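Novice: Give me a model of this one.
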Amino acid sequence: MEIAPLRSLDDFLLESARFQIPNIKHPERWGNRVVKNLLYYQTNYFLLYILLFVIVGVIHPKEIASGAITCILTALIYLGFTNNSTQLEHIRKKYSSVSIIAVVLALYFVYHMLNSILVLIVALVFPISVIFIHASLRLRNFKNKLANQVEMLEIRVTPMGLILKQLGLQTEVHKIPPDMKLTEISDSLKKF
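Specialist: Model prediction:
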């Protein structure tokens, strides 16, 4: 697996970056723009995600930590109660009132910690929303189109490529014949 290069801040966000609201009448073109931008700026997006998560974590450190602990404990309790081991089944039958009390206490704990859980969810989802908005609004430039085609031809495996593949958002592969000249390649890329 390869790490994609970090794109310059000028290309990503500042002077040379061009933004436009996508045409919602053509969702396939909008989706193509998002996927191509996710692939081209993937390292920038990973760093942006970490930066935004850290910012929320610095603003609300106690809520993030307690929300994470609550989610982990809740998952462990759930796994413990749904485990079909004979020992646990015997304990649940023998001490059924204790099991019910444990479930009620766990639900009360989750209810009490709901604010922290919501802060954790916001800390996880907010960076994704910002990344999706940037990928939707950022117009692709020639370097972006060329880099996407080169990546398709070289069949590089990158982290974002694996994520998009798992989500079923694979991009179209446009075959470029080996005898095609650079000007013909650039003309064919302008169509996208």
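
Novice: hey, where'd the strands end up in this structure?
Specialist: In the chain, no strands are defined using DSSP state E.

Novice: Quick one: find the helix or strand in it with the lowest mean pLDDT.
Specialist: helix 182-189 (a mean of 55; mean pLDDT, DSSP states H and E).

Novice: Can you give the distance from the longest helix seen in the chain to the centre of its chain?
Specialist: Across the chain, the longest stretch assigned as helix under DSSP state H is helix 114-137. Remark: helix 114-137 is offset 10 Å from the chain centroid, using C-alpha atoms, centre = their mean, to the nearest Å.

Novice: can you list the residues that contact it?
Specialist: By C-beta atoms under 8 Å, 6 or more residues apart in numbering, the residues outside helix 114-137 that reach it are 13, 19-22, 30, 33-34, 37-38, 41, 45, 48-49, 51-53, 56-57, 60, 62-64, 66-68, 70-71, 110. Placement of C-beta: from N, CA and C, glycine included.

Novice: quick one, phi/psi of Arg140?
Specialist: phi -80, psi 140 (degrees, to the nearest 10).

Novice: how far away is the nearest residue to it once chain neighbours are set aside from Ile64?
Specialist: Nearest non-adjacent residue to Arg140, counting by C-beta to C-beta, 6 or more residues apart in numbering: Lys36, 5.8 Å away. Distance of Lys36 to Ile64, given as C-beta to C-beta, to the nearest Å: 33 Å.

Novice: Give me the residue ranges of the chain where confidence is low.
Specialist: Counting by pLDDT under 70, the chain shows low-confidence ranges at 1, 142-156, 170-192.

Novice: where exactly do the helices run in it?
Specialist: 9-12, 27-40, 42-59, 61-82, 86-94, 96-112, 114-137, 142-154, 159-166, 182-189.

Novice: contacts for the fifth one?
Specialist: Spelled out, that is helix 86-94. 80-81, 99.

Novice: Contacts only, for Ile77.
Specialist: Contacts of Ile77 (C-beta under 8 Å, 6+ apart): 102, 106.

Novice: I appreciate the help and will end here.
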